[in-house]
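**Q** got a predicted structure here, sequence first:
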There are 2 protein chains.
Amino acid sequence: MWRTYDGLVNEMSDTDQGLGLRELKKRQSRIAMHRAALELVSEHGLNGVTVEAIAHRAGVSTRTFFNHWSTKESAIIGVLSAGDDEIAERLRHLAEDQGPQQALRTVMREAISSAPIDAGLRELKKQVMAKEPRLHSLSTGNLHSVQTEMVEALAEVLEGEDAQERAMLAVQIGFAVTRTAFAVSMSRGIDLGTAFDEVLDRYDAADGIF
Amino acid sequence: MWRTYDGLVNEMSDTDQGLGLRELKKRQSRIAMHRAALELVSEHGLNGVTVEAIAHRAGVSTRTFFNHWSTKESAIIGVLSAGDDEIAERLRHLAEDQGPQQALRTVMREAISSAPIDAGLRELKKQVMAKEPRLHSLSTGNLHSVQTEMVEALAEVLEGEDAQERAMLAVQIGFAVTRTAFAVSMSRGIDLGTAFDEVLDRYDAADGIF
DNA sequence: ACAGAATCTGCACTCAGTAAAATATTGCAT
DNA sequence: ATGCAATATTTTACTGAGTGCAGATTCTGT
């Protein structure tokens, strides 16, 4: 089965044990495309770059490009919800121990922390993201499917008649914090995870901010 | 000057006084396109409808379609930030009287309440929105420009070193509430404005929801 | 080495959105 | 009412994203 890949671009350097040549080439190919996309966008801007150009620099056909990435932007970002269901499942699981609120926070924090890209690319990506606002909204996942799955999972845990709507609100606020963390991490050039912690502190402290 | 229209589709019936034939036709044309878009999407689904088809049913050329709407989706929704700057300006103004927090709430509420579409279309639109999740994210404005302008305006009012980041967080939470209100209004079939009020109540009441 | 599966590629296609120039319509001044 | 300027529409032609398909290649297990 061959699904469009919207997952994470992993480094391969050391962690290639027992993966098979096929899987290894797939990863190399993905990194090549991701890198090519970042470099070209950095050089010519988001609108100055065609998929054809990216594919060419990465040494693949444009058709292959779309076998790996669902859109031009996804190749640039190189990251999107590693698997909608898994996140929801993790949320359900954590909620048993930590309770709904803390579980939600933990899941959010985990979801953004997992970004093991090549160190050289990280800098380039940061620079590109800063110059192309269009990419922000995508990276913070306005992706409907994840949100609805999370709401669903959370609603099961929360009890009461209005569980559904409280879950909606909670998830939306969670995303709001995440988006803010994203912006902060970009503008100050700090790690996304620590930015998240900071914003969360601010959120807890801030009374009457909205 | 002729800008792509991303504003509101207004009813023309009674409020046509002294608008000139030119402006009037413009409105008729927009409503025709908006209606055609809704009807066709309702019939064939979002992906089953081309701009060409919409334009044809509305009796205009496809090029004219894009003179009025920046994307296919915007014609379906028929609403988007009536003018990025104006909202920010309104925010600045309100903040003087009401203070930043209340001003932000008021602006948000105003921005969504102004939806004076034809009553017949409202029902159709509700139905279409319920079936096409892709449209949700658009209607709640992931539009970067509005957000940044609002953050900027709010940051001026807020004082202190971290004004910028507090403003970001506040605006993001505001949008979170709005998005939730949107979802609630869809799922329960109630007015967007009242949904907003309800969610806001819940937000104020809810402690430890996130 | 061989069969079968996974992946890549080229080709043809649809459709969104833009550009530019020609044409039509409206507003206004006379 | 008539002609001129501004504004809106159309036609035509184009770029580029994304998909479907069929055939070639490359990997995997045996």
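**A** Looks like it came in fine.
**Q** enumerate the residues of chain A near DNA strand D.
**A** If contact is defined as C-beta under 7 Å from any atom of the strand, the residues of chain A in contact with DNA strand D are A:4, A:20-23, A:25, A:49-52, A:62-63, A:66, A:70-72. C-beta: built from backbone N, CA, C; applies to glycine.
**Q** swap the cut-off to 6 Å and go again
**A** Counting by C-beta under 6 Å from any atom of the strand, the positions of chain A adjacent to DNA strand D are A:20, A:21, A:22, A:25, A:50, A:51, A:52, A:63, A:66, A:70, A:71, A:72.
**Q** where does pLDDT dip in chain A?
**A** For chain A, the stretches flagged by pLDDT under 70 are A:1-19, A:79-85, A:113-118, A:137-143.
**Q** in it, what residue spans correspond to helices?
**A** Taking DSSP state H as the criterion, chain A carries its helices at A:20-44, A:51-58, A:62-68, A:72-77, A:84-98, A:100-113, A:119-131, A:134-139, A:144-157, A:163-188, A:192-205.
**Q** what would the ones you listed look like in TSV with mean neighbour count?
**A** Conversion of those to TSV gives the following (neighbours: other C-beta atoms under 10 Å in any protein chain shown):
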stretch	mean neighbour count
helix A:20-44	17
helix A:51-58	18
helix A:62-68	15
helix A:72-77	22
helix A:84-98	16
helix A:100-113	19
helix A:119-131	15
helix A:134-139	18
helix A:144-157	20
helix A:163-188	23
helix A:192-205	17
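**Q** look up how far residue A:26 lies from the residue in chain A positioned nearest to DNA strand D.
**A** Using C-beta to the nearest atom of the strand, the single residue of chain A nearest to DNA strand D is residue A:20, 2.7 Å away. In this view, residue A:20 and residue A:26 are 10 Å apart by C-beta to C-beta, to the nearest Å.
**Q** go on, residue A:105?
**A** Counting by C-beta to C-beta, the gap between residue A:105 and residue A:26 amounts to 34 Å.
**Q** same check on residue A:155?
**A** Distance from residue A:155 to residue A:26, by C-beta to C-beta: 37 Å.
**Q** and what of residue A:92?
**A** Between residue A:92 and residue A:26 the computed distance is 31 Å (C-beta to C-beta).
**Q** spell out which parts of chain A neighbour chain B.
**A** By C-beta under 8 Å from any C-beta of the partner chain, the residues of chain A that approach chain B are A:101, A:104-105, A:133-134, A:136-137, A:142, A:144, A:148, A:162, A:164-166, A:168-170, A:172-177, A:179-180, A:183-184, A:187, A:199, A:202-203, A:206, A:208-210.
**Q** repeat that for 6 Å
**A** Proximity of chain A to chain B, by C-beta under 6 Å from any C-beta of the partner chain, involves residues A:101, A:133, A:137, A:142, A:144, A:165, A:168-170, A:172-174, A:176, A:179-180, A:183-184, A:208-210.
**Q** which residues touch residue A:42?
**A** In this structure, residue A:42 makes contact with residue A:128, judged by C-beta atoms under 6 Å, 6 or more residues apart in numbering or on different chains.
**Q** let's go with 7 Å and repeat that
**A** A:124, A:127, A:128 (C-beta atoms under 7 Å, 6 or more residues apart in numbering or on different chains).
**Q** so the first one makes contact with residue A:38?
**A** If I follow you right, that is residue A:124. Yes. In this structure, residue A:124 sits in contact with residue A:38. The criterion is C-beta atoms under 7 Å, and the distance is 4.9 Å.
**Q** state which one residue of chain A is found closest to DNA strand C.
**A** residue A:64 (3.1 Å).
**Q** ok, and the closest non-adjacent residue to that residue?
**A** In space, and not counting its chain neighbours, residue A:64 is closest to residue A:55: 6.9 Å by C-beta to C-beta, 6 or more residues apart in numbering or on different chains.
**Q** could I get the residues of chain A next to DNA strand D in a markdown table, plus columns for distance to residue B:192?
**A** Supplementary listing: those in a markdown table, determined by distance: C-beta to C-beta, whole Å:
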| residue | distance to residue B:192 |
| --- | --- |
| A:20 | 53 |
| A:21 | 55 |
| A:22 | 51 |
| A:25 | 51 |
| A:50 | 40 |
| A:51 | 38 |
| A:52 | 43 |
| A:63 | 43 |
| A:66 | 37 |
| A:70 | 31 |
| A:71 | 30 |
| A:72 | 33 |
